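A.B. asks: One predicted model, sequence on top.
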Amino acid sequence: MRRPFLLGKERSMADAFVCGLRRKLVRSVWKLDLSRRKRGLEAVWKLYDISMDIHPAMRVWKDKDDKRPVFETVSTHAQGKSHETRLRLDAHTGTHVDAPLHMIAGGATIDAIPLEKWMGPARVLDLTGVRDSIGRAELEPHAPQRGEWILLKTRNSFAEGGAFDYGFVFLNAEAAAYLKEAGVRGVGIDALGVERDQPGYPTHRTLLEAGILIAEGLCLKDVPVGSYWLIIAPLRLIGVEAAPARAFLIGAGDGNGR
């Protein structure tokens, strides 16, 4: 059974997070003169766009050509018309989200997930020291909380160039089971997949069967670890298993993710 959005402890966590940001905002800007308040506000409420750029030369899953975006110009000003472009995108292009149908026969499609489920309190965790996979031992010191999003900042964020890294850091099955126990709302990672080299896709299956949302392809390189408010806006595609998305974090980071 799906848990209602922000009820009980989840609502308390969200309310506490927002109230904390409000208090920090007031303390930081109430004494500033008018000419300085805008700068003070921006310092407290910083907006981080954690979405990948979409273009034909971008990083795609296993460097497969059929995963690569195609932009086709169908009319131009030189033809005496408006400039128009036709796009061909894989549903798992760049920053994207997975629905249960991706791994579960008969599972929910992306349009069946309420938009409000894609937002809420989030923590960016520093896992840049992990070389291969993230397990329970790497997550336990961060004490994941019920109802929050856990965003995994790893060495993937610092990969250079557009080539696919077959050895990317991923979330293993043991860690997925631990996050299920913790009751997190969602998991995001700075790789095009949340797992690799696991027969049967146990990480995906464990998370999706538990109603835990998955966001992949996040850009976390320049985001300080800590607490934020996350907003993800998937394209409203009907009847499919995934969708490209724009993702944002609001906050200044408080170090609560080291």
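C.D. replies: Cool, the structure landed. Numbering: from 1, shown residues only.

A.B. asks: helix, strand or coil for Leu87?
C.D. replies: strand (DSSP: H, G, I helix; E, B strand; the rest coil).

A.B. asks: Next: the one 3 residues further on.
C.D. replies: Here Asp90 is coil, with the state taken from three-state DSSP.

A.B. asks: so it makes contact with Lys67?
C.D. replies: Yes: using CB atoms under 8 Å, Asp90 makes contact with Lys67 at a distance of 4.9 Å. C-betas here are computed from N, CA, C, even on glycine.

A.B. asks: Touching both of the two, which residues are there?
C.D. replies: 60-61 (CB atoms under 8 Å, 6 or more residues apart in numbering).

A.B. asks: and His77, how far is that from Val70?
C.D. replies: 22 Å (CB to CB, to the nearest Å).

A.B. asks: Apologies, that question was intended for Met119.
C.D. replies: Counting by CB to CB - Met119 and Val70 are separated by 31 Å.

A.B. asks: These two: which is more packed in?
C.D. replies: Higher neighbour count among Met119 and Val70: Met119, with 20 against 11, using other CB atoms under 10 Å.

A.B. asks: So that one sits against Pro234, correct?
C.D. replies: No: Met119 lies out of contact with Pro234 (CB under 8 Å); the separation is 11.3 Å.

A.B. asks: now the helices: where do they sit in this structure?
C.D. replies: 9-29, 34-44, 136-139, 173-182, 202-209 (DSSP state H).

A.B. asks: Let me see the ranges of the strands in the stretch 151-258 of the chain.
C.D. replies: 170-171, 186-189, 213-216, 226-234, 242-250 (DSSP state E, counting those that start in this stretch).

A.B. asks: of all the ones you listed, which gets the most neighbours per residue?
C.D. replies: Comparing these on average neighbours per residue, with mean count of other CB atoms under 10 Å, the densest one is strand 170-171 at a mean of 26.

A.B. asks: so what does that one touch, helix or strand wise?
C.D. replies: Strand 170-171 is packed against strand 133-134, strand 186-189, with contacts defined by 3 or more CB pairs under 8 Å, 6 or more residues apart in numbering; DSSP states H and E.
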